[in-house]
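**Student:** what shape does this take:
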Amino acid sequence: MPLIGTAGHVDHGKSTLIERITGRDPDRWEEEKRRGLTIDLGFSWASLPGGTEVSFVDVPGHERYLKNMLAGIEAIDVALFVVAADEGWMPQSEEHLAVLDLLGVNRAVVALTKIDSVDEDLVELATAEVTSELEGTTLAGAPIVPLSGVTGEGVETLLEILEGLVDQEDPGERPRLWIDRSFPVAGAGTVVTGSLLGGRLSVDDPVEVYPGGTRARIRGLQSHERSHETLGPGRRVAVNLAGVDHDEVARGDMMGLPGQWEASSRFTASLRHARFVDGIEPRGAYQLHMGTSALNVDLVGMDEDLAVLRIDRPLPMAVGDRFILRDTGRHLVVAGGIVLDPGPRATKRALRDARLIDPGAPPNEVADRLLESRRVDRLSRIEAHAAGGRPEHAVIVGDRAVLPELLDELGKRAIVLVDDEHRSHPLRPGLPLATLAERLRVDAAIAEQVVEVTSDLERLGPDVTRTGHGVRLTPEQMAAWENARDRLATDLAVPHEDDLGLDPEVIHLMLRDGELVRVGPGLVYLPEQIETLRSRMASLDDEFTVAQFRDAAGLSRKYAVPFLEWADREGLTVRRGDSRRIR
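**Tutor:** Residues are numbered from 1 along each chain as shown. Down below sits the predicted model:
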């Protein structure tokens, strides 16, 4: 269902026209009715001549309430731009046009109101003025309909034109509802309202309120005072939520399906300044308007028409989302923007990489460009930022998407690191995978994938080695090892390992290959000696003391205690106080 939004200067007859079309006064507040002035967003609906039901969002025209206007205008499909024939083009006409232009709204019709209070010559002059003012904007060439919201003259023509402007689009699969109201209803609980975009919502759907992450369930749906089981985009919606208090949700929050969105407080965007300002001063004081949110924002980096922006609260956003920048000092709309990357890297790289991204490209292509910029990221994060797109040129490792070129680069670096390890420790099989991952600054799963796709590397247990790499002792090391082995085999009261005359790397190799067993600090045995000690331990009663084992093994406590502590660690024995049992 199409969503039509008004725009135009204060007191040019927007609300009167909506009431004439729909039969309902869009002003909700008592103060609005008393003052005859729209202060906040108003809503209504009607059926066009061809039977198409449409929602209307009526926005305030006074400059003091521009913030409220911006909270409602982004969601519209068609603009109903209102200019009074008796006053013609006014300051808020220009600013509201700038908002529509900067948001890229290009389906519009101009209602030239109050023709009942002017003559035909003034109507012609006003029409010419409006035509001139629209030139160079997205509303250029929009049809202009002279009419009266009071008498109804020209309104049927307006509705026929609106019928030709609205169309039905694919609803998509990622609903989002920027919340503009949250309130309690007796017997029902929390109700939130907003303009539904992007996809469908159904009763009993689980939902998430972003950016806080509050989870809830849809208890009921209403639109145009009727209950529905399912609603598609382009209409005003009231959602009854279960599992959340009304004070946990506020204007500026967004409701969507769980896991489909990610909030960001830093992003890159393309900017375009309004035609009535000379440019954008990076150090200015600005407010960002996106959805129904209004947040303070800093321009932390700029390069021509690109900027890196930082807002004071995270917002759920995707590539292609539009926003407005308002100068808080001058109370003036100065620019509009399009989100290019909701999760960029460092500022200089972010500005460079932003030029890779075409916000109008298909979602999968956007996902590929985001991955090209980030090189590696969580797949779910890329999908959220690419409006559901999935990178087609990616290697998926667990929950990560990895750029294939990055794996190639990491493979080359890994070869260098493994070669360094072979040179530094020639008797070790290679570099532990965990160490390789740490030095490459990636997680273990990605490091494992790097090894898998790099033909010059292979896994050897927990280590990464050069393909075909072998460990060999030099003749001198082999002679030293044979001598040490003979010395160890002579007696169970073995020498301290420092007295064996072996290079620590040789000891490390023999321990790894099972030629030696380390029992305690500085104390190593041959495997056959371990079996001898286990046999002597098995000859004891089911429960025995250190002294009993010492005597059975023919060893001093210096050797008996470390061996029994090793047996405890290995699960061969169970210690109970001063005695042990064989497991």
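**Student:** just to check, V203 is in contact with L231?
**Tutor:** No. Contact criterion C-beta atoms under 8 Å: V203 and L231 do not qualify, at 9.5 Å. C-betas here are computed from N, CA, C, even on glycine.
**Student:** need the overlap of contacts for these two.
**Tutor:** L221 (C-beta atoms under 8 Å, 6 or more residues apart in numbering).
**Student:** give the buried residues for stretch 100-109.
**Tutor:** For stretch 100-109, burial by neighbour count (16 or more other C-beta atoms under 10 Å) applies to L100, D101, L102, L103, V105, R107, A108, V109.
**Student:** among these, which are located in helices?
**Tutor:** In this view, the buried residues of stretch 100-109 that belong to helices under DSSP state H are L100, D101, L102.
**Student:** need the longest helix for this structure.
**Tutor:** The chain, longest helix under DSSP H: helix 404-424.
**Student:** show me the shaky parts of the chain.
**Tutor:** 1, 25-40, 60-69, 71-73, 168-171 (pLDDT under 70).
**Student:** now stretch 247-264 - C-alpha only, PDB.
**Tutor:** What follows is stretch 247-264 as a C-alpha-only set of coordinates in PDB (Å, rounded to 0.1, in the frame of the first residue of the first chain):
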ATOM      1  CA  ASP A 247       8.500   3.000  28.400                       C
ATOM      2  CA  GLU A 248      11.100   0.700  26.900                       C
ATOM      3  CA  VAL A 249      10.200   1.800  23.400                       C
ATOM      4  CA  ALA A 250      10.300   5.400  22.100                       C
ATOM      5  CA  ARG A 251      10.200   7.500  19.000                       C
ATOM      6  CA  GLY A 252      13.500   7.000  17.200                       C
ATOM      7  CA  ASP A 253      13.600   3.300  17.900                       C
ATOM      8  CA  MET A 254      13.100   0.800  15.100                       C
ATOM      9  CA  MET A 255      11.300  -2.500  15.200                       C
ATOM     10  CA  GLY A 256      12.300  -5.400  12.900                       C
ATOM     11  CA  LEU A 257      12.700  -9.100  12.800                       C
ATOM     12  CA  PRO A 258      15.400 -10.500  15.100                       C
ATOM     13  CA  GLY A 259      18.900 -10.800  13.600                       C
ATOM     14  CA  GLN A 260      18.100  -8.900  10.400                       C
ATOM     15  CA  TRP A 261      19.600  -5.600  11.500                       C
ATOM     16  CA  GLU A 262      22.700  -4.300  13.200                       C
ATOM     17  CA  ALA A 263      23.000  -0.900  14.900                       C
ATOM     18  CA  SER A 264      25.900   1.300  14.100                       C
END
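**Student:** okay, helices next: where are they in the stretch 51-200 of the chain?
**Tutor:** 66-73, 91-102, 120-134, 155-165 (DSSP state H, counting those that start in this stretch).
**Student:** the inter-axis angle of the third one versus helix 91-102?
**Tutor:** Think helix 120-134. Angle of helix 120-134 versus helix 91-102, following axes from the mean of the first three to the mean of the last three C-alpha atoms, to 10 degrees, is 40 degrees.
**Student:** isn't there a strand covering L325?
**Tutor:** Yes. Assignment of L325 by DSSP: H, G, I helix; E, B strand; the rest coil places it within a strand.
**Student:** am I right that it is in contact with V334?
**Tutor:** Yes. If you go by C-beta under 8 Å, L325 and V334 touch, sitting 5.7 Å apart.
**Student:** just put the helices of the stretch 51-200 of the chain in TSV and tack on distance to F276.
**Tutor:** Shown next, in TSV, are these (distance: least, C-beta to C-beta, whole Å):
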stretch	distance to F276
helix 66-73	14
helix 91-102	6
helix 120-134	11
helix 155-165	27
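**Student:** between L325 and V334, which one's more packed in?
**Tutor:** L325 (27 against 22; other C-beta atoms under 10 Å).
**Student:** ok, P562 - contacts?
**Tutor:** V519, G520, P521, L523.
**Student:** grab the nearest non-local neighbour of it.
**Tutor:** Setting aside the residues directly before and after it, P562 is nearest to G520 in space (C-beta to C-beta, 6 or more residues apart in numbering), at 3.3 Å.
**Student:** burial of the one you found, as a residue count?
**Tutor:** Neighbours around G520, by other C-beta under 10 Å: 14.
**Student:** try E438
**Tutor:** As a measure of burial, E438 has 13 neighbours, counting by other C-beta under 10 Å.
**Student:** ok, it to D463 distance?
**Tutor:** Applying C-beta to C-beta, to the nearest Å, the value for E438 to D463 is 14 Å.
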